[in-house]
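Peer 1: here are the coordinates; sequence isn't available:
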C-alpha cells in the first residue's frame, strides 16, 4: 500500500504594505494552503489574491484563523472565553468562504494559527469552541490538529474529519507539543534536517523530541511555516525526499 500525505503551508499572511512569506514561490510545491483571514495577518485583497493563486496551481484552500493580534502575528497567548473563540473562528471562516465562493474555489479545511492552535491543542474548552465553529459552518471540512491533542479529540467528537498535522520545521517536546519559539532549537534552520524529520514522521510515525525521547506521531499532513525564511528550500527538499520514497503528495480530501 502506498503512503499518502498532504504538504501544507501558511499563506496569505501579508497585509497592506507589508509582505510576509514568498507565496508565489511556495504555492507550486504544496498541496494545501492555509489562508490567513485578517486577524493575525492577511487582508481582503491578499485573501483574494492567495485564493486565486491556489486555484491556478490546483492547491486545496483552507482557512487559517488566529487570535486578533496583528501586531504579534497571532503568536502571543490571549485570554479569551470559549464563546469569543467560537465567534472569532466562525467570523474568519466566513470571510474566507465568501472569497472562495466568488472565486469558484471550494474551501476544504480549517487550521488554527499560532497561539490559538497551541492553546487549543492543550485546552479542551478552546478546542471544543473551534471544532464546534467549524462543524456548525460546514461539517464536511477537515480540521487540522496536533496528533493526540485536545483539538484532535474535539474535532472527532464534533463529527469532523481530522487530519493530524506534523511539523517539519519545528522541534518537539516529549509530550508531543511544539517547543516554544523562545527556546533555542525550537525552529529548524537546516533544510536537510527538516526533510529527514518529515521523512521519518511519515515513514515510521516517530519523531525525536528536543530532549532526546522518541515520540509517536500520526502524519496526515506536514506543515512548513510560510514566514520561515527557508520555506521555499524546505518545501522543495521535503517534497523531493518524500516522492523519492514513493510517498504520494495529495490534499486530504483528494485521498
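Peer 2: Great, that's in hand. Keep in mind that what you see is a predicted model, and the values were worked out from it rather than measured.
Peer 1: From now on I want contacts and neighbour counts done on CA atoms only, so please keep to that.
Peer 2: Fine.
Peer 1: Hmm, residue 3 is touching residue 245, no?
Peer 2: No. Using C-alpha atoms under 8 Å, residue 3 makes no contact with residue 245, being 9.3 Å away.
Peer 1: Torsion angles phi and psi at the closest residue to residue 65 other than its chain neighbours?
Peer 2: Nearest non-adjacent residue to residue 65, counting by C-alpha to C-alpha, 6 or more residues apart in numbering: residue 112, 5.1 Å away. Main-chain torsions, residue 112, degrees, to the nearest 10: phi -60, psi 160.
Peer 1: wait, what's in contact with residue 112?
Peer 2: Residue 112 is in contact with 63, 64, 65, 66, 144, counting by C-alpha atoms under 8 Å, 6 or more residues apart in numbering.
Peer 1: of the residues you listed, closest to residue 151?
Peer 2: residue 144 (8.5 Å; C-alpha to C-alpha).
Peer 1: who does the helix or strand in which that closest one is found touch, helix- and strand-wise?
Peer 2: Assessed by DSSP states H and E, residue 144 sits inside strand 142-145. With contacts taken as 3 or more C-alpha pairs under 8 Å, 6 or more residues apart in numbering; DSSP states H and E, strand 142-145 sits against strand 107-110, helix 150-157, strand 161-167.
Peer 1: where does this protein have low pLDDT?
Peer 2: Residue ranges of the chain with pLDDT under 70: 1-2, 254-255.
Peer 1: could you pull out the helices for it?
Peer 2: Taking DSSP state H as the test, the helices found in the chain are 23-26, 44-57, 82-103, 114-122, 124-137, 150-157, 191-204, 231-244.
Peer 1: what's the angle between the longest one and helix 124-137?
Peer 2: So that's helix 82-103. Counting by axes from the mean of the first three to the mean of the last three C-alpha atoms, to 10 degrees, helix 82-103 lies at 30 degrees to helix 124-137.
Peer 1: Please list the outside residues in contact with helix 82-103.
Peer 2: Outside helix 82-103, the residues that reach it (C-alpha under 8 Å, 6+ apart) are 35, 37-39, 47-48, 51-52, 63-67, 106-107, 110, 125-126, 129-130, 132-134, 137.
Peer 1: Could you turn the buried ones of these into a PyMOL selection?
Peer 2: In PyMOL syntax, the buried subset of those is picked out as below (16 or more other C-alpha atoms under 10 Å):
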select buried, resi 35+37+38+39+47+48+51+52+63+64+65+66+67+107+110+125+126+129+130+132+133+134
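Peer 1: what's residue 3 in contact with, if anything?
Peer 2: Counting by C-alpha under 8 Å, 6+ apart, the residues that residue 3 touches are 246, 247, 248.
Peer 1: do you know how far it is from residue 203?
Peer 2: 8 Å (C-alpha to C-alpha, to the nearest Å).
Peer 1: ditto for residue 80
Peer 2: Distance, residue 80 to residue 203, using C-alpha to C-alpha: 38 Å.
Peer 1: again with residue 59
Peer 2: 24 Å.
Peer 1: cool, residue 32 as well?
Peer 2: Distance from residue 32 to residue 203, by C-alpha to C-alpha: 20 Å.
Peer 1: Check residue 235 too.
Peer 2: Counting by C-alpha to C-alpha, the gap from residue 235 to residue 203 is 17 Å.
Peer 1: If we ignore the residues flanking it in sequence, what's nearest residue 30?
Peer 2: Residue 30 sits nearest to residue 7 (C-alpha to C-alpha, 6+ apart), 5.3 Å away.
Peer 1: Number of residues surrounding that neighbour?
Peer 2: Applying other C-alpha atoms under 10 Å, we find 26 residues neighbouring residue 7.
Peer 1: residues touching it, list them.
Peer 2: 30, 31, 32, 221, 222, 223, 224, 239, 249, 250, 251.
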